[in-house]
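**Q** the following comprises the amino acid sequence and a computationally predicted model.
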Amino acid sequence: MSDYEMDLVSGIAAFESKQFSQAMRLLSPLAESGEPEAQFRVAVMCQNGLGVVVNAGRALACMRAAAESGHALAQHGLGVMLLFGECAEKAEPEAANWFRRAADQGLVGSLSTLAMMYEQGLGVKQVADMARRLYEGAGVHTEAR
């Protein structure tokens with residue numbers, strides 16, 4: 001195992017065991033070198049002040065970089081940032097695009113969030129049939145909707 005791989009595995013383990021300062025030390029250089037998994041986790045830590053002072057700009061930059069490289073959880077995370085204006089300017093249409101990309105990779109939470117956006121007309125045209133189909137695709141019972 002290379003030093004790079006060791007740092008990634010160790011950084012993820014530190015993140016998962018809530019040793020965020022250690023995780024940041026190991027993952028930050030990997031995030032800067034373009035590693036999507038490290039970028040995603042650094043974004044989460046910067047967004048929430050885990051092991052570091054909250055840094056909205058770095059959180060957004062890392063989340064966007066990971067999302068653009070195809071990291072499904074980062075695509076969902078970027079969608080959340082844009083939907084709620086967290087670490088970013090609120091941009092509901094762009095959020096919908098990121099939720100769609102994550103949903104296309106199988107993230108059910110992204111699919112149900114996209115369904116809610118169609119149901120409420122957030123960033124997309126309000127289309128009840130589309131919302132119902134997306135909810136069904138996510139396995140959400142829609143009879144009461």
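**A** Nice, I can see it. Worth saying up front: this structure is predicted, and the values here are computed from it rather than measured.
**Q** ok, G123 - contacts?
**A** By Cβ atoms under 8 Å, 6 or more residues apart in numbering, G123 lies in contact with 83, 91-96, 117. (Each C-beta comes from the backbone N, C-alpha and C, glycine too.)
**Q** okay, the residue nearest to G51 when sequence neighbours are not counted and G77: tell me how far apart.
**A** Distances taken as Cβ to Cβ, 6 or more residues apart in numbering put F20 closest to G51, at 2.7 Å, once the chain neighbours are dropped. Distance, F20 to G77, using Cβ to Cβ, to the nearest Å: 17 Å.
**Q** kindly report the same for M116.
**A** 17 Å.
**Q** looking at these two, which is more packed in?
**A** G77 (27 against 17; other Cβ atoms under 10 Å).
**Q** C46 is in contact with that one, correct?
**A** No: using Cβ atoms under 8 Å as the test, G77 is too far from C46 to be in contact (11.5 Å).
**Q** pLDDT below threshold where in this structure?
**A** Scanning the chain for pLDDT under 70 picks out 142-145.
**Q** for it, which segments count as helices?
**A** 3-16, 20-32, 36-48, 56-68, 72-84, 92-104, 108-120, 128-137 (DSSP state H).
**Q** now the angle from the last one to helix 92-104?
**A** Put plainly, it is helix 128-137. Counting by axes from the mean of the first three to the mean of the last three Cα atoms, to 10 degrees, helix 128-137 lies at 40 degrees to helix 92-104.
**Q** helices or strands up against helix 128-137?
**A** helix 108-120 (3 or more Cβ pairs under 8 Å, 6 or more residues apart in numbering; DSSP states H and E).
**Q** which residues touch S110?
**A** S110 touches 72, 75-76, 79, 99-100, 102-103, counting by Cβ under 8 Å, 6+ apart.
**Q** what does N55 give?
**A** Neighbours of N55 in contact, by Cβ under 8 Å, 6+ apart: C46.
**Q** phi and psi next, for it.
**A** With angles defined as degrees, to the nearest 10, N55 sits at phi -140, psi 90.
**Q** G139 too?
**A** According to degrees, to the nearest 10, G139 has phi 80, psi 20.
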